[in-house]
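Undergrad: return a 3D structure for these sequence lines:
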Amino acid sequence: MGRRSERLSKQGMLASDLAGDGDVIQVVSRAFDVLRCFEGHEARLGNLEISSRCGLPRSTVSRLTHTLTRMGQLVYLPRDQKYRIGPSAVAMSTSMMKGLQLRNLIRLRLQDVADQLPGTVGFVIPDRYHLVYLEFARAANALGLHEGTGSRISMTSTAAGFAYTAALDTEVGDALIAEMEREIPESAGLLKARIEDNRRHLREHGYVVGCGTWSPHINGCAVPIWSPQYQTFVVATIGLLSAMFDEERLHREVAPQMLELGVALGGLLEGAEGDIFASRIERKPLPARPHNNNKVIKTEDTNELEAGARRARSARSVRARDGRR
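TA: Numbers count the residues shown, from 1 in each chain. Coordinates of the predicted model:
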């Protein structure tokens, strides 16, 4: 039991684990559910809207919003009879934004790929059943996909979500899917049906694709990367118009560039000291593409799985104490 708890804490606790240790922990979990409803600094929501979005009783939402307002996490707008994100929440976010050099380097890496492919390239981190764009870059001629920093995408229907869940230790990934089946059963079925194929393709090739699963007009390719800062996987992902890039073209032209991007981002994250937002790292050019276009570059050949480690090892070798693959 101890090892399982440690493994889940490394790769991100599930909602049921948060709620399983008593009412105090459950209240904290629900408070974050309320805050997640506010997408964008200008979002304004009433208790009924919040209740509908997070699936909590309106009476519970009312108590939570009252407490969060007193804490400064929310602000009440009497004229609208709605809430918006408060100064304390903004201050917490701002404190995480100090020292943006590493994020700028990540953005430059994403732009390197966006300059070659007409799509939106993103660097996303997991948040419960979604992934959030931490950084993105877009080609000048990109069409069909306009996600930006802070945008949330589904973990159950996107290439990024497929890659993230496939990279998790099998026990952790299966527990996450089981949690989704209880909480969002309509969405969980697609992910569950694909998970074994996604895991196998990730083991063999180092990336995962999703074609028409999020939108019939968008195909995606994604590479999971271990983050020592977050002690979980983050994902480099790209979305392209399916009319221009079918699945065969994704494998042939897009995947090699995304694998190179994964190597580059993995090196940045591995070399960062402390928080991802406060590092100073010198930018280096992307690795040269191999002359043999049939050769697959695998991120596990260069990703390090432990902060401070310098020895190359497989990014998906199972480690008993934290469940990484």
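Undergrad: what sits against residue 258?
TA: Residue 258 is in contact with 113, 207, 221, 222, 223, 236, 237, 238, counting by Cβ atoms under 8 Å, 6 or more residues apart in numbering. Any C-beta I mention is one placed from the backbone N, CA and C, and that applies to glycine too.
Undergrad: residue 187 should be in a helix, yeah?
TA: Yes. Membership of residue 187 in a helix is supported by DSSP: H, G, I helix; E, B strand; the rest coil.
Undergrad: how many residues are close by the residue nearest to it when sequence neighbours are not counted?
TA: In space, not counting the residues next to it along the chain, residue 187 is nearest to residue 156; the distance is 4.2 Å by Cβ to Cβ, 6 or more residues apart in numbering. The number of residues packed around residue 156, counting by other Cβ atoms under 10 Å, is 23.
Undergrad: shouldn't residue 156 be within a strand?
TA: No. Secondary structure assignment (three-state DSSP) places residue 156 in coil, not in a strand.
Undergrad: strands along the stretch 151-300 of the chain, start to end?
TA: Secondary structure of the stretch 151-300 of the chain by DSSP state E, counting those that start in this stretch: the strands cover 152-154, 208-215, 218-227, 232-241.
Undergrad: distance check, residue 45 against residue 249.
TA: Separation of residue 45 from residue 249 (Cβ to Cβ, to the nearest Å): 41 Å.
Undergrad: these two: who's more crowded?
TA: The neighbour comparison of residue 45 against residue 249 (other Cβ under 10 Å) goes to residue 45, with 22 against 14.
Undergrad: thought that one was touching residue 37?
TA: Yes. Distance between residue 45 and residue 37: 6.0 Å, which falls inside the contact criterion (Cβ atoms under 8 Å).
Undergrad: shared neighbours of the two, anything?
TA: When contacts are counted by Cβ under 8 Å, 6+ apart, the set common to residue 45 and residue 37 consists of residue 53.
Undergrad: ok, so of the contacts of residue 258, who is nearest residue 131?
TA: Proximity of the contacts of residue 258 to residue 131 was ranked by Cβ to Cβ; the top entry is residue 237 with 8.1 Å.
Undergrad: redo the strands of the stretch 151-300 of the chain as a markdown table? Include distance to residue 255, mean pLDDT and mean neighbour count.
TA: Shown next, in a markdown table, are the strands of the stretch 151-300 of the chain (distance: least, Cβ to Cβ, whole Å; pLDDT from 0 to 100; neighbours: other Cβ atoms under 10 Å):
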| stretch | distance to residue 255 | mean pLDDT | mean neighbour count |
| --- | --- | --- | --- |
| strand 152-154 | 20 | 90 | 18 |
| strand 208-215 | 8 | 92 | 20 |
| strand 218-227 | 6 | 95 | 28 |
| strand 232-241 | 10 | 94 | 27 |
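Undergrad: can you lay out those as a markdown table showing distance to residue 86?
TA: Written out in a markdown table, the entries for the strands of the stretch 151-300 of the chain read as follows (distance: least, Cβ to Cβ, whole Å):
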| stretch | distance to residue 86 |
| --- | --- |
| strand 152-154 | 20 |
| strand 208-215 | 32 |
| strand 218-227 | 29 |
| strand 232-241 | 28 |
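Undergrad: how much space separates residue 198 from residue 36?
TA: As judged by Cβ to Cβ, residue 198 and residue 36 stand 25 Å apart.
Undergrad: which of the two has more neighbours?
TA: Looking at residue 198 and residue 36 with other Cβ under 10 Å, you find the greater number of neighbours at residue 198, namely 23 against 16.
Undergrad: hmm, that one is touching residue 165, no?
TA: Yes. With contact defined as Cβ under 8 Å, residue 198 counts as touching residue 165 (7.1 Å).
Undergrad: what sits closest to residue 247 if chain neighbours are left out?
TA: Counting by Cβ to Cβ, 6+ apart, residue 247 lies nearest to residue 211, which is 4.9 Å off, once chain neighbours are set aside.
Undergrad: what of residue 151?
TA: residue 133 (4.6 Å).
Undergrad: quick one: low-confidence parts of the stretch 51-200 of the chain?
TA: Within the stretch 51-200 of the chain, the stretches falling below the threshold (pLDDT under 70) are 90-100, 141-148.
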